[in-house]
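Asker: Output the structure for:
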Amino acid sequence: MRQPNRRTFLKAAGVSIALPLLESLPAVAARKKHADVPSRMVSVGNEFGMFPGAFWPKSSGRDFELTPLLSPLKDHRDDLTLFSHLDHGLKGGHFAVHTFLTGVKSSEAKGMPEGGISMDQRAAEFVGSRTRFPSLTIGSENGLHGGCQMSWTRTGTRIPPIAGPRELFRGLFVDNNAEARKQAVDRIQLRESILDAVVGDARSLKKRVSKTDGEKLEEYFASVRDVELKLELDRHWQKVPKPITKYDEPENQGLTRDLPAIYDLIALALQTNSTRVATLEIGGSFAARDLGIKKGYHSLSHHGHIPESIKLLVQIEQYQMEQFSLFIEKLKSIKEPGSEGSLLDSTMVLLGSGMGNANSHTNNDLPIILLGGGFKHGEHKQYPKESRQRIPLCNLYLSMLQRFGVETDSFSTSTGTLSGLELS
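Answerer: Got it, this is the predicted structure:
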């Protein structure tokens, strides 16, 4: 009797490892979906949120006032929507910040239908092999609680971030030489052999282990999907030359000084179709001293209502908003190939945080802004503040995923798409 291959077996074990839309991999059956203009997604997260007193306008609708932290975006107010009273309904202070793109704490994700996958990775699954990088996650490993924690797989694995603009540039634009490519292919083959061996062992074990151990094996089989997908992508893209750019390789100077280069490289990655999903976390490694501020960013976020501390904190956040505004301007300046629109028109750009108020360690009323992506913009939308009527932030994420092209009617804790959000 012919032995089933490992994909067939894993599917029979109740774990779907179907590779999404791998149209460039002939060995993998995939459904092709063509679009003249691809959808893109960029998520920018701040570990400490925004000082509420300088962020939130008092008025809603199209005539909302530009507060000190919104003023840097004045040239883009018709391209953005500000959302009030959206969050995940969670508590935990700094220990819940990692839920920004997932809607669920990592310790509670196991019981969710799709685990603790973050929105960016859900979109990356949809992209599959159509770009060299299904997603890019940029951040630091020196954050307050162990580095960048924005991007998560279905199996609860944190996506390790790209540390700086130099590493990002080399990954995007510097090809390996022939010897390095050969070594990479050898490593892929070795990992595939190891994977085949351990999957075979797990298959034998599954027939004679307890129910509890069987559940652990199911978790293992789910993680196999991630490994197999990455190996398939690595093998394919080893044969494809990287795009050429006139942009000079940057030096790493620390996150504060690196922000302009990181944003430039994200824009280039989107423009060259190296990726369609990018995520950036601005966290505890952000050095306030590079802005001439002697106090630390984290300590200033716990300002204790001291006016001088608040002034310095707002100065830090204004710098971040200024750099973000320049990024939006760059996306608007790049023409979308084959379209009359700009790169921003096809790129959903989310700015926000899993922290609502760092001084009081609360995770409600998260600062959320969405720009571009083909939605109608230009207003401050207020949603119910009362606890029983509150709308989950994941409703916005579901709307974004559907706009991205993902065929789903739910994401994490969503109760539906976000009301009031319309396409342009």
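
Asker: got any ranges where the stretch 51-200 of the chain has weak pLDDT?
Answerer: Residues of the stretch 51-200 of the chain that meet the criterion pLDDT under 70 lie in 142-147, 176-200.

Asker: can we see that at 90?
Answerer: Across the stretch 51-200 of the chain, the ranges flagged by pLDDT under 90 are 106-115, 128-130, 140-149, 154-158, 163, 175-200.

Asker: can you pull out the helices in the stretch 151-300 of the chain?
Answerer: 165-173, 178-206, 211-237, 255-271, 297-301 (DSSP state H, counting those that start in this stretch).

Asker: from the middle of its chain, how far away would the first one be?
Answerer: Using CA atoms, centre = their mean, to the nearest Å, we find the averaged C-alpha position of helix 165-173 to lie 18 Å away from the chain's own average C-alpha position.

Asker: just the fourth one next, same as before
Answerer: Here the centre of helix 255-271 is set off from its chain's centre by 15 Å, with CA atoms, centre = their mean.

Asker: Can you spell out which helices and strands pack onto that helix?
Answerer: When contacts are defined as 3 or more CB pairs under 8 Å, 6 or more residues apart in numbering; DSSP states H and E, helix 255-271 packs onto strand 40-46, strand 136-138, helix 165-173, strand 277-282, helix 307-333. All C-beta atoms are positioned from the backbone trio N, CA, C, and that covers glycine.

Asker: right, so of the ones you listed, which gets closest to residue 366?
Answerer: Taking CB to CB, strand 40-46 is the member of these nearest to residue 366, at 10.1 Å.

Asker: tell me what the next helix or strand after that closest one is packed against?
Answerer: Downstream of strand 40-46, the next assigned helix or strand under DSSP states H and E is helix 52-55. When contacts are defined as 3+ CB pairs under 8 Å, 6+ apart, helix 52-55 sits against helix 307-333.

Asker: list the buried ones in the helix it packs on?
Answerer: When neighbours are counted by 16 or more other CB atoms under 10 Å, the buried residues of helix 307-333 are found to be 309-310, 312-314, 316-321, 323-325, 327-328, 330-332.

Asker: contact partners of the very next helix or strand once past that helix?
Answerer: Going down the chain from helix 307-333, the next helix or strand is strand 347-352, by DSSP H and E. Residues outside strand 347-352 that contact it (CB atoms under 8 Å, 6 or more residues apart in numbering) are 39-46, 100, 270, 324, 327-328, 331, 366-375, 400, 403-404.

Asker: Tell me the helix or strand right after strand 347-352.
Answerer: Assigned by DSSP H and E, the successor of strand 347-352 is strand 368-372.

Asker: so how many other residues sit close to the closest residue to residue 65 other than its chain neighbours?
Answerer: With sequence-adjacent residues excluded and distances taken as CB to CB, 6 or more residues apart in numbering, residue 65 is closest to residue 57, at 4.8 Å. Residues within reach of residue 57, counting by other CB atoms under 10 Å, total 16.

Asker: for the stretch 301-424 of the chain, which spans come out with low pLDDT?
Answerer: 337-340, 387-388, 424.

Asker: change it to 80
Answerer: Counting by pLDDT under 80, the low-confidence segments of the stretch 301-424 of the chain come to 338.

Asker: export the helices and strands packed on helix 255-271 to JSON lines and tack on distance to residue 250?
Answerer: Formatted as JSON lines, the helices and strands packed on helix 255-271 follow (distance: least, CB to CB, whole Å):
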{"stretch": "strand 40-46", "distance to residue 250": "19"}
{"stretch": "strand 136-138", "distance to residue 250": "13"}
{"stretch": "helix 165-173", "distance to residue 250": "4"}
{"stretch": "strand 277-282", "distance to residue 250": "15"}
{"stretch": "helix 307-333", "distance to residue 250": "14"}
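
Asker: Which one of these lies nearest to residue 379?
Answerer: With CB to CB as the measure, helix 307-333 is the member of these nearest residue 379 (16.9 Å).

Asker: Domains in the protein, by residue range?
Answerer: Domain ranges of the chain: 1-11+175-241, 35-172+249-404, per automatic domain parsing.

Asker: Quick one: distance of the last one to the chain centre.
Answerer: Relative to the centre of its chain, domain 35-172+249-404 is centred 8 Å away, using CA atoms, centre = their mean.

Asker: gap between the residue nearest to residue 65 and residue 261?
Answerer: Counting by CB to CB, to the nearest Å, the gap from residue 57 to residue 261 is 31 Å.

Asker: Check residue 279 too.
Answerer: 17 Å.

Asker: Comparing the two, which residue is more hemmed in?
Answerer: Of the pair residue 279 and residue 261, residue 279 is the one with more neighbours under other CB under 10 Å, namely 29 against 21.

Asker: so that one sits right up against residue 120, yeah?
Answerer: Yes: contact criterion CB atoms under 8 Å: residue 279 and residue 120 qualify, at 4.7 Å.

Asker: Overlap in contacts, the two.
Answerer: With CB under 8 Å, 6+ apart as the test, residue 279 and residue 120 both reach 43, 101, 135, 137, 150, 151.

Asker: and which of these is nearest residue 422?
Answerer: Nearest to residue 422 among the shared contacts of residue 279 and residue 120, with distances taken as CB to CB, is residue 43, at 21.2 Å.

Asker: which residue packs closest to residue 101, ignoring adjacent ones?
Answerer: Closest residue to residue 101 apart from its sequence neighbours, by CB to CB, 6+ apart: residue 118 at 3.8 Å.

Asker: Any chance of the backbone angles for that neighbour?
Answerer: Residue 118 has phi and psi values of phi -90, psi 160 when expressed as degrees, to the nearest 10.

Asker: thought it was touching residue 152?
Answerer: Yes: the criterion here is CB under 8 Å, and residue 118 meets it with residue 152 at 4.6 Å.
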